[in-house]
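Q: After the sequence you'll find the predicted model.
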Amino acid sequence: MLRYCYKTFVCFLAALLLFVTTVTQSAALTVGEEREMGEELLFQIRLAFPLLDDPDIFQYINDLGQEVLEVAGVQYFDYHFYIINSTQFNAFAAPSGLVFFYSGLIEQMKEENELVAVLAHEIGHVTSRHIAKGMDRGSKVSIATTILALAGLALGAGALSQALFTGSLAAGQAASLHFSREHEEEADILAYGWMKKMGRNPEGEEGMLQTMRRITRYSMGNVPQYLLTHPHPESRLDYVQSLLALDDKQLATFKKTDNFSFLRMKYRILSQISDGKKFRNFLLSKLADQSASAEKKIMLQYGLSQLDRMENNFDSSRKLLQKVIAHYPDRSILLVDLGLVEMEDGNKERALELIRAAYKRNRDDMWATFQLARINLELGNIDPAERYLLEVEDFMPLYSKVYFELGRLRAAKGDNGAASYYLAKYYLYEGRLKLAKQSIQVALNDHGLAEDLRQEGKMMQETIEKLLKKK
């Protein structure tokens, strides 16, 4: 984690402080300037942090974000939602519609409406341009100190993070990322109204604020960054509860939220990042709770299936998943999960059958598409594998693993120049810049490299060189 901290510090300050020197001392940060900063910021965050961006996770949280945006009205930016692999209780909206959630925050959530409430709240800050308004005041210093705050916020816990964040606030940037009570109430009101328009029970907002209050009370002085930048949970909770009291009769009209997709995403993430023994004990203790609903119990078994797969207990994982599929026979994504078990257990033909069935049910499911590409590649079916990988690339152009698989595929075809090109792209999005530089040079030295890849490769080489200079 320390490596990520220092890497982030260098990337943020070198890239973003370089950007702000080009911002004139005008009255406000324009939408165009904010968009330019956001594009640079996204690249730096991808290089600096481990993102949980497999297609199913990425697609789920971005679809949920788009659901909020459909009722939020016309926006200045194209939004992107990401989950950062970190135990910190944290989330933040960055310039130009970038919204980041830490896995530690998602771990504390109980249902999908709580996630929607936080999504909507962060979108509310961007829509109201609270960050941009705090970054203007006609001063390069104020913009620079805001960027210091953003760097400290993104780093999460630790002395370096706290020094950056509190130092920036001391420099006068409290209005930037340390949102005022008025900004928080404005974002809360927007989130509350949007949830009602979506037909979602706004009690999810109350649940999240109650969690924030609990963490504030038991933080023992080590207050998480989310509570520093989103202060006043006690007063905000009182305010939201007063809104709920006014809407008391209407609350009963909201249909019950289906938490399948949320719990699947949550437990899949936790199976990857948690201590296996502790996570298993947590799941088993919840299963033993007699008050747990049937839905929660079946998804707890899903969590155990994912943990078993991670630990190569394929028979147990398979049996648990079959129980979950019996409960949710219409959820095609579970066939992909079962196909992964079969693939990792060496049953490739069975894996292909399951994943192909999931893809036929839902051709927009990028998790099925990506895994269908992988299993076809394993079986030597090069042409269909390439077609599926290009579908994923078109949908998720910043997903590093798709370029690794495209590199493998082109190598299998004997197209070494293209293989090196895709490997360079994989290394670039993984933040391994020296290997990216070596690979793109190999690609460009290959006389057989297709002209379109050559031109893109030259631009990639320039990007790599710029990023290396900033390290």
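A: Yep, that arrived. Residues are numbered from 1 along each chain as shown.

Q: make it CA atoms for all contacts and neighbour counts henceforth
A: Noted.

Q: Please, where are all the strands along the stretch 1-150 of the chain?
A: For the stretch 1-150 of the chain, applying DSSP state E, counting those that start in this stretch gives strands covering 80-84, 91-94, 98-102.

Q: most packed of these?
A: Stretch with highest mean neighbour count among the strands of the stretch 1-150 of the chain: strand 91-94 (a mean of 24; mean count of other Cα atoms under 10 Å).

Q: could you give the mean pLDDT of it?
A: If you average the pLDDT over strand 91-94, you get 79.

Q: So in that sheet, which strands flank it, and in what orientation?
A: Strands adjacent to strand 91-94 in the sheet, as given by DSSP bridges, are strand 98-102 (antiparallel).

Q: hang on, the earlier thing: any chance of the strands of the stretch 1-150 of the chain in JSON lines, plus distance to residue 467?
A: Listed next are the strands of the stretch 1-150 of the chain as JSON lines, based on distance: least, Cα to Cα, whole Å:
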{"stretch": "strand 80-84", "distance to residue 467": "21"}
{"stretch": "strand 91-94", "distance to residue 467": "20"}
{"stretch": "strand 98-102", "distance to residue 467": "20"}
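
Q: now for those strands, which one comes closest to residue 327?
A: With Cα to Cα, the closest approach to residue 327 among those belongs to strand 80-84: 28.2 Å.

Q: Return the angle between stretch directions for the closest one and strand 98-102.
A: Compare the direction of strand 80-84 with that of strand 98-102 by axes from the mean of the first three to the mean of the last three Cα atoms, to 10 degrees and you get 20 degrees.

Q: going forward can the numbers begin at 33, since that is how I track them
A: Happy to do that; since the first residue is 33 now, the last one works out to strand 112-116.

Q: Report all helices and strands that strand 112-116 contacts.
A: helix 87-104, strand 130-134 (3 or more Cα pairs under 8 Å, 6 or more residues apart in numbering; DSSP states H and E).

Q: That one: how far from the chain's middle?
A: Strand 112-116 has its C-alpha centroid displaced from the chain centroid by 2 Å (Cα atoms, centre = their mean, to the nearest Å).

Q: same deal with stretch 330-338?
A: That offset, for stretch 330-338, works out to 22 Å (Cα atoms, centre = their mean).

Q: Could you pull up the mean pLDDT of that stretch?
A: Stretch 330-338 comes out at a mean pLDDT of 98.

Q: can you tell me which of the strands of the stretch 33-182 of the chain the model trusts least?
A: Sorting these by mean pLDDT places strand 123-126 lowest, at a mean of 79.

Q: Could you identify which of the helices and strands packed on strand 112-116 is most buried?
A: strand 130-134 (a mean of 22).

Q: which other residues reach that strand?
A: 70, 74, 111-126, 151, 154-155 (Cα atoms under 8 Å, 6 or more residues apart in numbering).

Q: low pLDDT regions in the protein?
A: 33-76, 80, 127, 161-213, 251-263, 502-503 (pLDDT under 70).

Q: Longest helix in it, please.
A: Longest helix in the chain, counting residues (DSSP state H): helix 483-502.

Q: What are the buried residues along that one?
A: 485, 486, 489, 492, 493, 496, 499 (16 or more other Cα atoms under 10 Å).

Q: and what of stretch 456-476?
A: By neighbour count with 16+ other Cα under 10 Å, stretch 456-476 contains the buried residues 456-463, 465, 467-469, 471-476.

Q: List the ones among those that fall in helices.
A: Mapping those onto helices (DSSP H) picks out 456-461, 465, 467-469, 471-476.

Q: of the residues you listed, closest to residue 228?
A: Of those, the one sitting nearest to residue 228 (Cα to Cα) turns out to be residue 461, at 38.1 Å.

Q: Excluding chain neighbours, what is closest to that closest one?
A: On the basis of Cα to Cα, 6 or more residues apart in numbering, the spatially nearest residue to residue 461 that is not a chain neighbour turns out to be residue 432, at 5.4 Å.

Q: Next, find the distance separating that neighbour from residue 480.
A: Residue 432 sits at a distance of 24 Å from residue 480 (criterion: Cα to Cα, to the nearest Å).

Q: In terms of neighbours, single out the busier of the two.
A: residue 432 (22 against 13; other Cα atoms under 10 Å).

Q: so what's the more buried one up against?
A: Per Cα under 8 Å, 6+ apart, neighbours of residue 432: 457, 458, 459, 461, 462.

Q: cool, and residue 477?
A: residue 449.

Q: The same query, at a cut-off of 7 Å, please.
A: By Cα atoms under 7 Å, 6 or more residues apart in numbering, no residues touch residue 477.

Q: same question, the one 5 residues further on
A: Listed by Cα under 7 Å, 6+ apart, the contact set of residue 482 is empty.

Q: re earlier: can I get the buried residues of helix 483-502 in JSON lines including distance to residue 447?
A: Below are the buried residues of helix 483-502 laid out as JSON lines (distance: Cα to Cα, whole Å):
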{"residue": "485", "distance to residue 447": "12"}
{"residue": "486", "distance to residue 447": "13"}
{"residue": "489", "distance to residue 447": "15"}
{"residue": "492", "distance to residue 447": "19"}
{"residue": "493", "distance to residue 447": "20"}
{"residue": "496", "distance to residue 447": "23"}
{"residue": "499", "distance to residue 447": "28"}
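
Q: so which of these comes closest to residue 375?
A: For these, the closest approach to residue 375 (Cα to Cα) belongs to residue 485, at 31.8 Å.

Q: secondary structure class for residue 378?
A: With DSSP: H, G, I helix; E, B strand; the rest coil as the basis, residue 378 sits in coil.

Q: What's the local residue count around the spatially closest residue to residue 96 that is not a sequence neighbour?
A: Residue nearest to residue 96 in three dimensions, not counting chain neighbours: residue 148, with 7.1 Å by Cα to Cα, 6+ apart. Counted by other Cα under 10 Å, the residues lying close to residue 148 total 24.
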